[in-house]
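A.B. asks: Please find the sequence and the predicted model below.
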Amino acid sequence: MKSVLILIKGSIWGFRLIVFSYFYMPFLEVQAQTIESLNSDLEILRQKPGFEKDTIYLNKANELGFMLAESNPEEAFTFLDKQIEMCRKAKFEKGESEALKIYGNALQNKGDFTASIGYYQKALSIAEGLPDGNLVPGILNNIGLVYFSQGNYAEALKNFYDAIKGAENTKNLNVKAAALNNIALIYFEQGKFEDAKSKYLEMLEIYKVLGNQGRMILALNNIGDVELKQNRPFDALENLKLGHAMALELQSSEFIEMTSRTLADIYTALDSIDKAEILYKQSISISQEKGYGVPLSHSTIGLADLYLKKGKIKEALDLANEGLAQSEKMGQIMQLRNSNELLAKIYEKNGDFAEALEKFKLFKQYSDSVNNTQGQRLAATLEAEYEFSKKTLEFEKANLRQKWLIFSAFFGLFAFLIILFLVYRNRNKLNRAFLILKEKNIEIGSKNEKLENALSQLKATQLQLIQSEKMASLGELTAGIAHEMRNPINFVNNFSEVSHELIGEIQEERSKSQEARDESLVTEILEDVKSNLEKITHHGKRVDDIVKGMLEHSQKSSGEKELTDINALSYEYLRLSFQSMKRIEKDINVTYETNFDTSLPKVNVIPQDIGRVLQNIFNNAFQALAQSSKSIEPHLTVSTKNFGDQIQVSISDNGPGIPDAIKDKIFQPFFTTKPAGQGTGLGLSLSYDIIKAHGGEILVKSKEGVGSEFVITIPKEA
């Protein structure tokens, strides 16, 4: 009897994509056979004469190919090439379609999406020619997953919905539920969390009808993933506890591993490191035993990150390298990014800055690769809109010219006939006709000038639309990150609620008589309250500066321009910044001097905005000087000059300077060289935008080990 094989894969978000294949025996619904067991079974079947054409042998070989595709894609390619040829010689079309699909799955795991689509299409072509058509919906589902991985959501959704339609026609609820799961994943990617959760709940109801406890576990796991993304870790925890209990009852290694890994992610988010460590170790143990390549890399890197937080640097380094090796083996770009990022942190902690830099460069490369698909999609959208706008403009211009030519030709002919008629009738009226023609030509010239002006306005509008689109994308990014920063606020709320309950317990204990009161319990509760308050303070400070900085960056100034003394403004913010630095670095002896041009006139600017620019640069300079104060006598110089129609402000220091490698990046939003928690990377970006808005320019000159100079130029009539 035909049955369904479902692979639950770890995606880049922690979700599970459902990929379908069909064999003649249950796979994950019971207990997955190991690669060694499958090899043993195949060796026995090879002893029978004519095994090459035996469908039992060929189906069993496809099972082995599937397991290899998930644990070692490179080995799977060699095995499946022979398997596809054997199925063709045996004229076993169903087996050939299966083998081609599994090959596509192995390519998909390696990230070769273009080749993967090719093999899936070959499998689909064969499956569509089979009488029952039962293989078609599952293949369409897998093709949809490739398009999803490429960021082509339109094609992905089309294939998922075609898979649902085919599943309904063949009464295959398993494929329908799988496609619902994958559609939910697209909703999640688009930030439609409630829609995603709704699809998972619909999927859960199907598996309840089927009585499929394993797939119910999958649905609960994915619902928990959504709730974790919605900053509802406690709701996610309830669903995962239920799913994990069901997995233990089912005694399914696959689902025990999956729920253990997701539970570990949730406990990590809740700062329950010890619980997360136990669950990551459980996931690793099962993955190693069963050959689950992707989950093994995920949990190994997760455990390494926990050890780093606990200060176990050596253990963290060993595990991070293991996770990196496993990620390279599986070709998992997201895990390669995560493992290199973690290794960079570990090497930096050890003081091995050269190795840390190398790992950070690899992290940046993989991070760019992960973001490349979305960036290409956005670029394609912008390019398409630009081309449409350009074609529309060209058409309108051509249409206007054509009308002008027709109008000019008609009018010229009409004028010529009038002239001939007037000459013929009365030569004395020729002068008057000439004047009339001249006036008409002037009118036509005026109309032509208006048309050219309209064309210029259309071009300007086109450029504004493109710029608005780019700024809208940046605004969405900033708003999205600001929303993510509210995650620590949930910690503040949660620890506050727990602290409130602990205070209640203290009051209850204090209400008891002296003899019945347990002072040790009161002391223990007070320690817990103190710990919670420290965590509240930590998470509150962690989010406050970042959210304020981003909101400040996304808002436009509402100030009005006024004539401002730049010398006085510079000195005021220099003094404020210096006093602020002295409060933080009491032992640092930084000196400063001013060289103000007394001929500098007042300039029409928004003083609050220019003051913000000056303060950002002063603060950065003082911080750099504080870092290098042990090797030099830190000094800051502020100068102003009058250049006729412009004024210039120069701020120079003898600090460590800015490396050439990052000099071009310092004005980019969110780029910062400050330690984590000490900067948002928005100060210089905001300053750059303010100066540009005033029609000016801000430049940086720096030499590493010598110092830096920021030069601000503003027109007097800004």
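C.D. replies: Now that the structure is in, tell me what you want to look at. Numbers count the residues shown, from 1 in each chain.
A.B. asks: Could you tell me which ranges of the stretch 351-500 of the chain sit under the pLDDT cut-off?
C.D. replies: For the stretch 351-500 of the chain, the stretches flagged by pLDDT under 70 are 369-405, 407, 410, 416, 420, 422-424, 427-434, 460-487.
A.B. asks: Need the contact partners of stretch 124-139.
C.D. replies: By Cβ atoms under 8 Å, 6 or more residues apart in numbering, the residues outside stretch 124-139 that reach it are 2, 4, 20-22, 93-94, 96-98, 100-101, 120, 123, 140, 143, 162-164, 166-167, 169-170, 172, 175-176, 178-179. For the C-beta atoms, the positions are set from N, CA and C on the backbone; glycine is no exception.
A.B. asks: Start and end of that stretch, how far apart?
C.D. replies: The straight-line separation of the ends of stretch 124-139 (Cα to Cα, to the nearest Å) is 6 Å.
A.B. asks: what comes up buried for it?
C.D. replies: Using 16 or more other Cβ atoms under 10 Å as the test for burial, stretch 124-139 gives Leu124, Ile126, Ala127, Asn134, Leu135, Val136, Pro137, Gly138, Ile139.
A.B. asks: that older thread, can I get the buried ones among the contacts of stretch 124-139 as something I can paste into PyMOL?
C.D. replies: Applied in PyMOL, the following selects the buried portion of the contacts of stretch 124-139 according to 16+ other Cβ under 10 Å:
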select buried, resi 4+20+21+22+94+96+97+98+100+101+120+123+140+143+162+163+164+166+167+170+172+175+176+178+179
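A.B. asks: Mind checking which of the contacts of stretch 124-139 land in helices?
C.D. replies: Judged by DSSP state H, the subset of the contacts of stretch 124-139 located in helices is 93-94, 96-98, 100-101, 120, 123, 140, 143, 162-164, 166-167, 169, 175-176, 178-179.
A.B. asks: A helix includes Gly412, no?
C.D. replies: Yes. Read with DSSP: H, G, I helix; E, B strand; the rest coil, Gly412 is one of the residues of a helix.
A.B. asks: What's the local residue count around it?
C.D. replies: 14 (other Cβ atoms under 10 Å).
A.B. asks: ok, now how distant is it from Gln608?
C.D. replies: 61 Å (Cβ to Cβ, to the nearest Å).
A.B. asks: what residues are up against Pro295?
C.D. replies: Gly10, Glu257, Met258, Arg261, Ser283, Ser287.
A.B. asks: does the nearest residue to it once chain neighbours are set aside sit in a helix, a strand or a coil?
C.D. replies: Using Cβ to Cβ, 6 or more residues apart in numbering and skipping residues adjacent in sequence, the residue nearest Pro295 is Ser287, 4.7 Å away. Assigned by three-state DSSP, the conformation of Ser287 is helix.
A.B. asks: wait, Ser287 sits on Leu296?
C.D. replies: Yes. At 3.7 Å, Ser287 counts as touching Leu296 under the criterion of Cβ atoms under 8 Å.
A.B. asks: now for the buried residues of stretch 124-139, which pair is the farthest apart?
C.D. replies: The largest separation in the buried residues of stretch 124-139, counting by Cβ to Cβ, is between Ile126 and Pro137 at 14.6 Å.
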